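Student: Using only what follows, build the 3D model:
(one chain, ligands or ions: 1)
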Amino acid sequence: MSNHTCDGFVVACIDFRFQGFIKKWLEEKFQNKTYDYVGFAGSTKNLDTIIGQLDISVRLHHVSNVVLIHHEECGAYGAESTHDRHATDLNIAKKTILEKYPDLKVDLYYLHLDGEFEVIE
Ligand SMILES: [Zn+2]
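Tutor: Numbering: from 1, shown residues only. Predicted coordinates:
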């Protein structure tokens, strides 16, 4: 088997309106680095599925930096797509990931319609 690793594991929603912003932002964040990318409706909304993808990424590529991106006006959340709900779900995802992989660095972001990446604490 070949030995190939990468730096990041990125999760974002499939929503086409945000892909340009995300691509540009990732080019800056991961300059000269590489990452696995998961596009899934609602990003981490279906957390079990995302953890399954992360398991594979950790095992095969030994990633170190997880980046979770939720966004404003997410259709997968519908009427529940509020800033608070996204912040809550992002933190649940981070907690769950760190329980399984304590050595990973997990960064949370809320992407606004105008392309602004807001850091979620
Ligand atoms: Zn969405």
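Student: contacting residues around Leu54?
Tutor: Taking Cβ atoms under 8 Å, 6 or more residues apart in numbering, we find Leu54 in contact with 9, 63, 66, 97, 101. Heads up, the C-betas are built off the backbone N, CA and C, glycines and all.
Student: again but with Cys6, I slipped
Tutor: 33-36, 61-63.
Student: Could you look up the SS state of it?
Tutor: Per DSSP: H, G, I helix; E, B strand; the rest coil, the secondary structure class of Cys6 is coil.
Student: looking at the contacts of Cys6, which has the most residues close by?
Tutor: Using other Cβ atoms under 10 Å as the neighbour test, the contacts of Cys6 are led by Val63, with 23 neighbours.
Student: okay if I get the contacts of Cys6 as TSV plus secondary structure and distance to Thr88?
Tutor: As requested, these are exported to TSV (DSSP: H, G, I helix; E, B strand; the rest coil; distance: Cβ to Cβ, whole Å):
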residue	secondary structure	distance to Thr88
Lys33	coil	29
Thr34	coil	30
Tyr35	strand	25
Asp36	strand	25
His61	helix	29
His62	coil	30
Val63	coil	24
